[in-house]
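S.K.: Take a look and give me a structure for this.
(3 chains)
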Amino acid sequence: MALNPFSRPTKLMSFSSILLLLAMLMPLAKAQSPRETTIVLYLQDLASGPDATVVPITGIQGKPQSFTSFGTIFAVDDIITETPDKVSAQIGRAQGILVASSLSGSNVHVSMSLAFTSVEYNGSSLEIQGISRQFERYKEVSVVSGTGSFRYARGYATLETVFYDNKTSYSIIRCTVRLLPNSQ
Amino acid sequence: MALNPFSRPTKLMSFSSILLLLAMLMPLAKAQSPRETTIVLYLQDLASGPDATVVPITGIQGKPQSFTSFGTIFAVDDIITETPDKVSAQIGRAQGILVASSLSGSNVHVSMSLAFTSVEYNGSSLEIQGISRQFERYKEVSVVSGTGSFRYARGYATLETVFYDNKTSYSIIRCTVRLLPNSQ
Amino acid sequence: MALNPFSRPTKLMSFSSILLLLAMLMPLAKAQSPRETTIVLYLQDLASGPDATVVPITGIQGKPQSFTSFGTIFAVDDIITETPDKVSAQIGRAQGILVASSLSGSNVHVSMSLAFTSVEYNGSSLEIQGISRQFERYKEVSVVSGTGSFRYARGYATLETVFYDNKTSYSIIRCTVRLLPNSQ
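M.R.: Here you go, the predicted model:
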């Protein structure tokens, strides 16, 4: 006996149903190979004088305090700007501690927050941890998490000094942050 | 010629098979929009006297040591209790360092572990990093990871001072942790 | 009328199509129950003398500086080797800070980078945060993130002292890192 065509729609999966099912699955597939988002910002970093934004706190007794002297701890509170221009829009502060962490003088351990104050991200932060190989052009550190708009953030950031004035120890550092989309 | 009904089950996808397939896919779909879990706990924080649980270690030479003085580093070992009552069940300790990280005095960088000792989570920890905007009512910091029961944890925590005794510098801080389900 | 067999392939889902669809979905399913990868490495840790790799920086005024004295901060730059043998291949450095974080003397807060220099992982790092219960045999800390080959890393590491020479304060610490596969 022939198959009753009226019962078929509930019994068989049509090609269009398969397409629909696949379409439903696409977001899942996409989530497994997420596209990174990129944020570029600039740190205005002054390492000397009364207005310094990075200041040594302490170090190993009897040793000099510097970025190449093992054990020196610095507090940092750099202004974050939108462009390299130091008078461009201030969008936050990079706040935390840096520790000269190589006996050889090459690496600095970083634990800091990018605390945003811009309209878009006000009150949000990106949390950074990493080892800055200070004599390399591109230093890569980790984005370990975030708060507010950046909850659950994961990623990395490259740091590159794009301007340095030796006389005042003034640096402008380009910070390129790459984030995985939130998993929520 | 009519379709052989005996060959059909292996050739066609029945509606119930589709339901079964969809049911199999549901956990995947769910994993993409996870529900947060919430843990509420209380930090018993004493900032003065011989039994202080938060103590300044050092600071920038020639500057006062306080939460509003840039560069002051504190060690912290607050008791964690189940309720605001300081004699309620102790479930762990909040241990790590705090660094006054704003030139303006407003923000404190936090790197600490919530080290649990309760029966349920004994030996496990939640790892916290963030910038505490100390003059705001709700301070949000990140849960960057965890150990033991909290391996692979990701989330955030809000801190709110629910009691403060100015005379003894005694605070009770409600810490509301929100975690994504483990991705395992 | 009988179903036209020539139209069937585009209208019905065959059993082999279902198998194909399921095969396409398998990587998704697998990603939801990922297998951990394991890396074993050894820290060569010298706590005394002119070649010390872990050195106290500072502590609470008037208190001794040691791993059991609340508030003592150490800089660390341990050599990482491939085997316990101190003259085995050097594959990196464990660099960062340790803070004695218990009033009772039991726990040390760790924030450090495993900075690799081996051919395989040169320039990459694993970022560690955690509370080391120093009197327990296995100390578990978190892998909060990574850089280079270890971008987006998440996991944990157990630390076990496999050799200790009391006279020179020389330890060899086995560090077993377990990582979730990258979610990318």
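
S.K.: quick one: the strands in chain A?
M.R.: Ranges of strands in chain A, per DSSP state E, are A:37-46, A:54-58, A:73-81, A:90-100, A:107-116, A:125-133, A:139-147, A:155-165, A:170-179.

S.K.: Next, the contact list for the closest residue to residue A:89 other than its chain neighbours, please.
M.R.: Spatially, and ignoring its direct neighbours in sequence, residue A:89 is nearest to residue A:82 (4.4 Å; Cβ to Cβ, 6 or more residues apart in numbering or on different chains). C-beta here means a position set from N, CA and C on the backbone, and glycine is covered the same way. Residue A:82 makes contact with A:41-42, A:88-89, A:91, A:118, according to Cβ atoms under 8 Å, 6 or more residues apart in numbering or on different chains.

S.K.: Quickly check the residues you listed for the two that are furthest apart.
M.R.: Farthest-apart pair in the contacts of residue A:82 is A:42 and A:118; separation 12.9 Å (Cβ to Cβ).

S.K.: more crowded one of those two?
M.R.: residue A:42 (22 against 14; other Cβ atoms under 10 Å in any protein chain shown).

S.K.: which one is residue A:95 nearest to, not counting chain neighbours?
M.R.: Closest to residue A:95 by Cβ to Cβ, 6+ apart is residue B:101, at 3.8 Å.

S.K.: And that neighbour, its phi and psi?
M.R.: phi -120, psi 10 (degrees, to the nearest 10).

S.K.: circling back: tell me how far the residue nearest to residue A:89 lies from chain B.
M.R.: 20 Å (Cβ to the nearest Cβ, to the nearest Å).

S.K.: and that residue, how far is that from chain C?
M.R.: The gap separating residue A:82 from chain C is 25 Å, by Cβ to the nearest Cβ.

S.K.: same deal with residue A:179?
M.R.: Distance from residue A:179 to chain C, by Cβ to the nearest Cβ: 10 Å.

S.K.: Start and end of stretch A:76-95, how far apart?
M.R.: In terms of Cα to Cα, to the nearest Å, the two terminal residues of stretch A:76-95 are separated by 5 Å.

S.K.: What confidence value was assigned to residue A:98?
M.R.: At residue A:98, the model reports a pLDDT of 98.

S.K.: Likewise for the one 10 residues further on?
M.R.: In this model, residue A:108 is scored at 98, pLDDT.

S.K.: and if you look at residue A:36?
M.R.: Predicted confidence (pLDDT) for residue A:36: 87.

S.K.: correct me, but it touches residue A:155?
M.R.: Yes. Counting by Cβ atoms under 8 Å, residue A:155 is a contact partner of residue A:36 at 7.0 Å.

S.K.: which neighbours do those two share?
M.R.: Here residue A:36 and residue A:155 share the contacting residues A:178-180, scored by Cβ under 8 Å, 6+ apart.

S.K.: Switch these over to TSV; also include pLDDT and neighbour count.
M.R.: Listed next are those as TSV, based on pLDDT from 0 to 100; neighbours: other Cβ atoms under 10 Å in any protein chain shown:
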residue	pLDDT	neighbour count
A:178	97	17
A:179	97	21
A:180	93	20
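
S.K.: where's residue A:136 relative to chain B, distance?
M.R.: Residue A:136 sits at a distance of 24 Å from chain B (criterion: Cβ to the nearest Cβ).

S.K.: Count the neighbours of that residue for me.
M.R.: Neighbour tally, residue A:136, other Cβ under 10 Å: 13.

S.K.: Please name the nearest non-neighbouring residue to residue A:38.
M.R.: In space, residue A:38 is closest to residue A:178, 5.5 Å off (Cβ to Cβ, 6+ apart).

S.K.: unless I'm mixing things up, the one you found is touching residue A:155, no?
M.R.: Yes. Here residue A:178 lies in contact with residue A:155, judged by Cβ under 8 Å, at a distance of 5.0 Å.

S.K.: show me what contacts the residue nearest to residue A:95?
M.R.: Applying Cβ under 8 Å, 6+ apart, we find residue B:101 in contact with A:75-77, A:95-97, A:112-113, B:70, B:107-109, B:131.

S.K.: What is the most widely separated pair among the residues you listed?
M.R.: Taking Cβ to Cβ as the measure, these span a maximum distance of 14.5 Å, between A:113 and B:70.
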